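> Mind folding the following:
(3 chains)
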Amino acid sequence: MQDTLLDGPSPARPRVTVRSPRPPAAPRPPAAPRAPEPAAPTRPVASVALDVPLAHLDRPFDYRVSAAQHETAVPGARVRVRFAGRQVTGFVLARREASEHLGALAPLHAVVSPEPVLSAEVAALARAVADRGAGTLADVLRLAVPPRHARVEAEPVPPTSPAAPTSPAAPAAPAAPAAPAAPDPGGGWATYDGGLGLLQALAAGRSPRAVWAALPGPGWPAEVAAAAAACLASGRGVVIAVPDGRDLARVDAALVSALGEGRHVALAAELGPAERYRRWLRVRRGQVRVVAGTRAAVFAPVADLGLVVVWDDGDDAHAEPRAPYPHGRDVAVQRAHLAGAAALVGGFAPSVEAVALVESGWARLLAAPRTVVRARAPRVEVAGGDAELARDPAARTARLPRLALDIAREGLAGGGPVLVQVPRRGYQPGLVCARCRTPARCTHCAGPLGRPAGDEPLACRWCGRSAGEHVCPQCGSAAVRATVVGERRTAEELGRALPGVLVRTSGRGDVLARVAAEPAVVVATPGAEPVADGAGYAAALLLDGWALLGRPDLHAAEEAVRRWCAAAALVRPGGRVVILADAAVPAVQALVRWDPAGFAARESAERRDLGFPPAVRMAALDGPADAVAEVAALAREQLPAGCDLLGPVPWRLRDGTEGERVLLRVPRSRGAELARALSAAAGIRSARKAGVAVRVEVDPRELA
DNA sequence: TCAATCCGTATC
DNA sequence: ATACGGATTGAC
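Numbering: from 1, shown residues only, chains lettered A, B, ... in the order given. As a prediction, the model looks like this:
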C-alpha cells in the first residue's frame, strides 16, 4: 500500500468492520484500563486533516494506527479521532513510520470507511485553494468531497465499461480513443486560429492553456466534447465545469455523441445525495475519466487529470458562496497548474480575469479570425443612442423604438422566434451623471458614489471619502441621478404591439431550456434565455441595456457584455439584434463589433489604472467595526510596507446587521503574502477566542 | 494547607 | 471549541 497522498490511490479496498456495535444496555464494568492495541506492522502513524473550524488548528495531526486498522486507514480515508476532548472527523493525509510530534500519539478512534475519498491531487489542490483564499483546508474539503452515503458506498461495483482502465495508475492501458460520432472530426475547432492545434496537443498528451472566445451559436458544447475526446485519447481524464443545469444538459448530450454512452458522468447538486455520491464514487474509483458538472465539479477527483474546462467563466454561478469563496475559474487555473493539466477557460464573452491570464502569459487566446466572426455573428443595431432617449426615462420604459418593433415583426414574419431580453428586478441602483449617464465614481479609489442619507453630500461606498463637489469626468455636469431599473412592462407592451403572436416567458421560477423553431416572442431575463431549435432565433431585442450598465458594480460593463453576447449568440448567423443602449458606450460597441475579448482587455487595462483586481490582489474584511479593525491591524503588522488600506466604510453584513468593510490591496506579486498574513491574523484571533466572525474574501466579487 | 478559580496554552 | 496545568486567591 502506498503511504502518502502524494502517490496514487490505493487499489486495495478490503472490507473490514469499522465500528463494533455496542451490546445493548449491558451494565458496563467501571473503566477497566485497556491494554494498548498492537500497532500496525508498518507505518503506524496516520497524519490526519481534521474537520475543525479553527484557523490556528489548520495543520495535520498524527494518530497511532492499530494493527486492525492497518489495511483500512489508507491515505484519503475518512476517520474519526479524539481531539481536544471531542470526537472529530478527518481525512488520512499520509501514513508514516514515525511522527515529528514529541508527545505520545492518541489512537485513531475509527476508520469510517476504507474508501480513499480524498485523492492526493485534490488534497494538494484544496490546500492551495485554502491558502490563496486565506481560508482553512477543512472549509475547502467540505466543498471538494461530498458527504458520505454509506449505502451507496456498499453497493456492488457495476460492471465497468470496457474502455475504463481498472487502475488509473496504469499508463500502459490508455483508454481506447472513442470513435468520433460527429461527421466533422474536429467539431467546430477548425474554424478557430490554432483550434486544431489545441486538439492535437491534447491528443498527444501535452497541456496547452487557452482562454476561449467562443463563436456565437450552438456549437460550443460539441467543441468542449471534442476537446474532452482528444484529451481522453491521450489516456488522461477531463473535468468540465458549467454554470447551470441547462448548460450541463447540453454538454452532457454532446459528450454522449462524442464519446458514446457510459464514458462520462454529469454531476449536479440537483441529483440528490445518493445519486450524486454514486456518480462521484465512479469518478474516484477510476471507472469514468470524464466529468461534467456545475460549480463543485471543478474539484471532481478525476484520475490522471489532463484537461480542465470552465465554460462561461464570467457567470457568478461559478463563484462559491461558502468560505473561502473560491471561484471555479481560479480553482481550475490552480488545478491545471498543480496537476500539469491543460486548461480551457472562456465563453462567448470571456471574463476580464480570463483575459488577464492571457496578458500574464499563462494562457493564450483562442479565437476565430475576424472574417469568421463577422459571418457568424448577428447584425447588431443600437436604438436609444440619441440624446433624447438617453435623457428621458419615459422614452426608454414606456415606448419601444420603432426599430425594435420592426425587427421583431420581420423576424416573426420570417417564421422564427424572437428573443426579448428584459432586466431582472432588484438591481441596486447606483448614481450616474444626469446628463451623459457616466457612472459617478470616487476620484480617489474609483469606487461608486452613493448618497449616505438624505441631503448629505455624495460619498464613496468603498473608501468612505466624501466626494465633495462631484463633477462628471466625461461632460463636466454636476448633476447626478439614480439609475433607472428596467421595466417588464416593456415586454408586455411588446405583446400588445404584436397582437396574435404567441408570447412565452422564461425567468425566475420557470426557466425554459428550449423553444420550438416557430414564430413566437420569447421574453427572458438574463441567464434564462432558452435555446431556439433549428438555426436559432430570427432576432433578439435587448431591452435592459441601461439597467445593466447602471449597476454600481466594478463588473457592471463586463457583465452587461456577457449577458448581451449570451442572448445574441442564440440568434442565427445574420439574424438581427437590437439593443436599447447608448451606442457610444464601449460595452455596446463590443457587442456591435462582436469583440467581447477586446472589451475584456480594455476593462483589464482600466482596472490596472484604477488599482482593482485582477491587476492587483485585494482582500475584503467584513464584520463588526472593532473586529474588522483588529484583523486589518494584525494583517498589516505581518505585511511589509506596500499594503494599501481602503476604508473602513459602512457595510451591511450577511446577517442583515450593520458593520464595516475594509479593503486591503497589494500588488499581485504579493498576493500570497497578503493571504498568509490574513490567515495568520485569523489564527491569532481564533486562538485568543476573540470569536467575533470577520468575513475574509480575497478578490471579492462584490465591491459595493 | 487545601481547594476553588482564573488564565494561558495546547490540542497528535 | 475543550482540557489541562500552573498560578492565584481565599478560607480554614
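> burial of residue A:202, as a residue count?
26 (other C-beta atoms under 10 Å). In short, each C-beta sits where N, CA and C put it, glycine included.
> contacting residues for it?
For residue A:202, the contacting residues are A:208, A:227, A:230-231, A:233-234, A:306-307, A:342, by C-beta atoms under 8 Å, 6 or more residues apart in numbering.
> State the distance from it to residue A:61.
Residue A:202 is 41 Å from residue A:61, where distance means C-beta to C-beta, to the nearest Å.
> do the same with residue A:43
In this view, residue A:43 and residue A:61 are 16 Å apart by C-beta to C-beta.
> host element of whichever residue of the stretch 501-650 of chain A sits closest to DNA strand C?
Nearest residue of the stretch 501-650 of chain A to DNA strand C, counting by C-beta to the nearest atom of the strand: residue A:627, 13.5 Å away. Assigned by DSSP states H and E, residue A:627 falls within helix A:625-638.
> can you dump the C-alpha coordinates of that helix into CSV?
Extracted in CSV, the C-alpha atoms of helix A:625-638 (Å, rounded to 0.1, in the frame of the first residue of the first chain):
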residue,chain,number,x,y,z
ALA,A,625,-16.2,47.6,13.2
ASP,A,626,-13.9,46.7,16.0
ALA,A,627,-13.3,43.1,14.8
VAL,A,628,-12.6,44.3,11.3
ALA,A,629,-10.1,46.9,12.6
GLU,A,630,-8.4,44.2,14.6
VAL,A,631,-7.9,41.8,11.7
ALA,A,632,-6.7,44.7,9.4
ALA,A,633,-4.2,45.8,12.1
LEU,A,634,-3.0,42.2,12.7
ALA,A,635,-2.6,41.5,9.0
ARG,A,636,-0.8,44.8,8.3
GLU,A,637,1.7,44.0,11.1
GLN,A,638,2.8,40.9,9.2
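> So which elements touch that helix?
For helix A:625-638, the contact count by 3 or more C-beta pairs under 8 Å, 6 or more residues apart in numbering; DSSP states H and E identifies strand A:616-623, strand A:644-652, strand A:658-667, helix A:671-687 as packing neighbours.
> Tell me which of those is the most buried.
Across the helices and strands packed on helix A:625-638, averaging neighbours per residue (mean count of other C-beta atoms under 10 Å) puts strand A:616-623 on top, at a mean of 24.
> Packing partners of that strand?
Under the contact definition 3+ C-beta pairs under 8 Å, 6+ apart, strand A:616-623 sits against helix A:625-638, strand A:658-667, helix A:671-687, strand A:695-698.
> nearest to residue A:549, of those?
Of all the helices and strands packed on strand A:616-623, strand A:658-667 sits nearest to residue A:549, with 23.7 Å by C-beta to C-beta.
> Just want the angle from the closest one to strand A:616-623.
160 degrees (axes from the mean of the first three to the mean of the last three C-alpha atoms, to 10 degrees).
> partners of strand A:658-667 in the sheet?
Using DSSP bridges, the strands paired with strand A:658-667 in its sheet are strand A:616-623 (antiparallel), strand A:644-652 (antiparallel).
> I'd like the distance between the residue nearest to residue A:314 when sequence neighbours are not counted and residue A:554.
Spatial nearest neighbour of residue A:314, chain neighbours left out: residue A:351 (3.7 Å); criterion: C-beta to C-beta, 6 or more residues apart in numbering. As judged by C-beta to C-beta, residue A:351 and residue A:554 stand 12 Å apart.
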